[in-house]
Each structure stands twice: as C-alpha cells, then as structure tokens.
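[1] Predicted structure and sequence below. I'll ask about it afterward.
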Amino acid sequence: MLFFRVVKETIQKRSVRLFFALFLLLIVLAGIIFWVNQKEVRQPEFGITYSTIYAQELGLDPLTVYQALLTELSVKLVRLPVYWSEVEKEQGVYDWDQVDQLMTLSNAHGVEVTMVLGEKVPRWPECFIPDWALELSEQEREQVLKEFLTIAVQRYQSFSSLERWQIENEPFFPFGVCPERRNELVFEEIALVSDLDDHPVQLTVSGELESWWQSALHADVLGFSLYRVTWNKTVGFSVYPLSPTFYRIRATVMKWLTQKVIISELQAEPWIFISLDEQTTEFWSELFTPDDFEKNVQFAEQTGVSEVYFWGAEWWYYLRMQGFDSLWNYAENLFDSQTVFVKH
C-alpha cells in the first residue's frame with residue numbers, strides 16, 4: 001500500500017509541474033503573438049518569379065514577356081531561375097545566350113535579381129537536370145552540377161543587377177519529379193558559391209508543410225512559399241486554414257537565425273489542374289481574379305515580411321494576349337503604387 005501511495009503522490013506532483021509548465025508556455029506564446037501583432041505592418045517591396053520555361057509552355061516569347069514586365073509594369077525585383085537542362089544540353093557545351101539577355105535587360109532597368117541555381121529550381125517538374133547528367137552516377141552528377149554552378153557564378157557575379165544567389169528551390173521539401181539526393185549536397189553547394197562570391201545566399205522552404213530552421217541556419221535570406229488555394233486529386237480545391245499571424249510568428253522567430261525572411265512565392269495565378277486546352281480561357285480567368293489577387297496581397301502584407309515575389313507573371317501576360325487583361329491591369333496598378341526605392 002505504501003508503494004502505491006508513493007507512486008500516486010509522485011504522479012500528482014509531476015502532473016502539477018506539467019500543468020504549470022504548459023500554463024507558462026501558453027503565457028509565453030500568448031505574449032509572442034501579442035508582441036508580433038503590435039508591430040507596425042509596412043508595405044513590402046513586390047517582385048516576381050520569372051520562368052522562361054513557363055513562358056514558352058504558354059506559347060510566349062520569354063524575352064518579349066520579360067521586357068514588358070520591366071517596362072510596362074516597372075518590376076524591380078525578380079527571382080530568375082537558370083535551367084541547367086536548357087543551358088547545358090550537351091555536357092561541357094553551354095548556351096548562356098538567353099540568360100545573358102535577361103540579365104542585360106535587368107541591368108538596363110535597374111532590376112535586382114535573385115538568380116536561382118541548382119538541379120531543383122522553380123516550376124514543374126521542379127528538377128531540370130540534363131538528360132546526359134541523369135545517366136551518370138550520383139557522385140558524377142554532383143560533380144558536374146558543381147562545375148555548372150562554378151561557371152554560372154563566375155559569369156554573372158559582376159552584373160550590377162545581381163542581388164543574391166538562391167541555391168536550389170525548397171531543397172528539403174519532397175515535391176516534384178526529382179532523383180534522390182543527399183541533403184548535405186545543398187550545404188556543399190552553398191559553400192562552393194560562397195567561396196566564389198560574396199553576394200548573399202538565399203534558401204527557400206514550403207510555407208506550410210516543412211520546418212524552416214534547417215534552411216534558416218544556412219542562409220543569409222530565407223524565402224517561403226505562400227499559397228492560399230491548392231488542389232489535389234482527392235479533395236479538389238481547398239483553402240489553407242491559416243492566418244497571417246501563423247506566418248508572421250514563424251518569420252519573426254526565424255529572424256533570430258538568418259538576416260532576412262521574405263515570401264519567395266505568393267500565389268498570383270490559378271492552380272492549373274488539367275491541360276489548358278481542356279477548358280476555355282474564360283474559365284481559367286475566373287479561377288483567379290483581381291479580387292483573389294488583392295486578397296492574397298493583403299494577406300501577405302499582414303505577415304510583416306519586407307519582400308514578396310508573385311508567382312504567375314507569365315500568366316498575366318498570357319491572359320492579356322487572349323483579351324483578358326484584368327490581372328495585368330491589377331498588377332500594373334500595384335507596382336505603380338509602390339514607392340520608388342534605392343538599390344541597397
């Protein structure tokens with residue numbers, strides 16, 4: 001009996017301690033939420049992710065679209081993926097012509113470019129690896145990847161428009177058609193680029209579906225994706241039940257680990273769940289409207305980040321060419337409303 005009484009008292013004491021620990025934790029969390037929500041919300045600087053691959057898929061000329069975005073919308077922040085599969089279609093033979101032209105245009109228009117390098121860069125199927133490299137062993141593929149990174153960094157590090165490098169895209173998030181790779185490879189890529197050049201390095205994460213701390217620890221800038229509406233075969237369209245405070249708290253905590261936290265992808269186009277030609281352009285235009293655009297902008301502003309990059313600029317131009325210019329016009333007004341900022 002004495003034994004059971006001692007066990008019972010021990011459990012009760014531990015339960016009391018656990019209760020007070022949880023109570024204290026709730027107070028701390030409530031304090032953090034209150035403090036975060038009291039901070040002044042300033043309008044972020046808006047930019048775009050620009051994909052030449054996606055522009056081509058939409059039947060557009062990538063350089064024409066890019067020039068329109070810079071001249072007509074006055075876009076000043078661009079996240080620009082470089083597609084290894086397009087630049088080095090044959091091993092050791094590099095075609096930098098298109099990237100050169102995009103960077104030259106960026107220089108001429110005072111654009112700040114985040115250049116994305118690696119195997120996994122923005123747009124589906126996520127990984128853009130040359131066919132010849134896929135036939136190599138993992139170790140050999142890693143070596144030729146590093147050679148590609150070295151040549152790219154050395155070629156573009158002196159461009160005045162280059163603001164930072166991004167290494168891979170959401171490298172620790174298992175999404176896309178990609179071969180297996182070592183997590184440590186990302187850190188080796190960062191070390192390589194940092195040894196070659198002193199521009200900041202950015203890593204990106206899923207805003208909702210992965211931890212941020214590992215990427216934050218190894219990056220100067222942490223970017224996260226923010227999608228309000230998603231689609232999958234099981235449930236169709238769904239809206240993430242998250243508030244701006246969720247992202248704001250995570251971003252605030254991550255600033256203890258990295259220099260800056262930004263939104264690297266903000267949804268600004270519909271989720272294309274079937275082939276475009278299976279529905280009318282009018283149908284697609286109604287899946288994501290200027291009202292949806294504005295709601296996403298307002299949501300992003302409340303997260304408190306300093307930079308927001310829209311996902312879908314190529315789509316705005318495509319719709320405009322089809323006679324549906326409402327998204328383009330909304331973006332034009334949004335960029336026009338921004339205060340002109342000095343390159344930092």
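    Alright, I've got the coordinates. Numbers count the residues shown, from 1 in each chain.
[2] and the nearest residue to Tyr309 once chain neighbours are set aside, backbone torsions?
    Distances taken as C-beta to C-beta, 6 or more residues apart in numbering put Gly47 closest to Tyr309, at 4.7 Å, once the chain neighbours are dropped. In this view, the C-beta of every residue, glycine as well, is placed from N, C-alpha and C. The phi and psi values for Gly47, taken as degrees, to the nearest 10, are phi -140, psi -170.
[3] Isn't Gly47 up against Ser306?
    No - the criterion here is C-beta atoms under 8 Å, and Gly47 misses it with Ser306 at 11.2 Å.
[4] neighbour count winner among the two?
    Comparing Gly47 with Ser306 by other C-beta atoms under 10 Å, the one with more neighbours is Gly47, at 26 against 13.
[5] quick one: Asp325 from Phe288, how far?
    Using C-beta to C-beta, to the nearest Å, Asp325 is found at 14 Å from Phe288.
[6] ditto for Glu282
    For Glu282, the distance to Phe288 equals 13 Å [C-beta to C-beta].
[7] got it, and Asp198?
    39 Å.
[8] Looking only at neighbour counts, state which of these two leads.
    The neighbour count for Asp198 versus Phe288, taken as other C-beta under 10 Å, is higher for Phe288 (21 against 9).
[9] tell me the mean pLDDT for the strand ranked longest in the chain?
    Among all segments of the chain classified by DSSP state E, the strand with the greatest residue count is strand 260-267. For strand 260-267, mean pLDDT is 98.
[10] hmm, who's touching that strand?
    44, 49, 79, 122, 166, 202, 204, 207, 216, 220-229, 251, 254-255, 288, 296-297, 300, 303, 305-312 (C-beta atoms under 8 Å, 6 or more residues apart in numbering).
[11] Partner strands of that strand, with direction?
    Applying DSSP bridges, strand 260-267 is found paired with strand 221-226 (parallel), strand 307-311 (parallel).
[12] which parts of the very next helix or strand once past the longest one are buried?
    For strand 221-226, the following helix or strand on the C-terminal side (DSSP states H and E) is strand 229-232. Burial within strand 229-232, assessed by neighbour count using 16 or more other C-beta atoms under 10 Å, is assigned to Trp231.
[13] just checking, His46 is part of a strand?
    For the record, residue 46 is Phe, not His. Yes - counting by DSSP: H, G, I helix; E, B strand; the rest coil, Phe46 is located in a strand.
[14] so it touches Val308, yeah?
    Yes - between Phe46 and Val308 there is a contact under C-beta under 8 Å: 5.4 Å.
[15] Need the overlap of contacts for the two.
    Here Phe46 and Val308 have Val297 as joint contacts, going by C-beta under 8 Å, 6+ apart.
[16] so what's Ile167 up against?
    Contact analysis of Ile167 by C-beta under 8 Å, 6+ apart lists Leu117, Gly118, Val186, Glu189, Ile190, Val193, Val201, Gln202, Leu203.
[17] who's in contact with the nearest residue to it once chain neighbours are set aside?
    Computed as C-beta to C-beta, 6+ apart, the closest residue to Ile167 that is not its neighbour in sequence is Glu189, at 4.9 Å. Contacts for Glu189 (C-beta under 8 Å, 6+ apart) come out as Leu117, Gly118, Leu145, Lys146, Leu149, Ile167, Glu168.
[18] Turn the residues you listed into CSV, including secondary structure, pLDDT and distance to Arg182.
    Output for these, formatted as CSV (DSSP: H, G, I helix; E, B strand; the rest coil; pLDDT from 0 to 100; distance: C-beta to C-beta, whole Å):
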residue, secondary structure, pLDDT, distance to Arg182
Leu117, strand, 98, 17
Gly118, coil, 98, 13
Leu145, helix, 98, 12
Lys146, helix, 98, 13
Leu149, helix, 98, 16
Ile167, strand, 98, 14
Glu168, coil, 98, 12
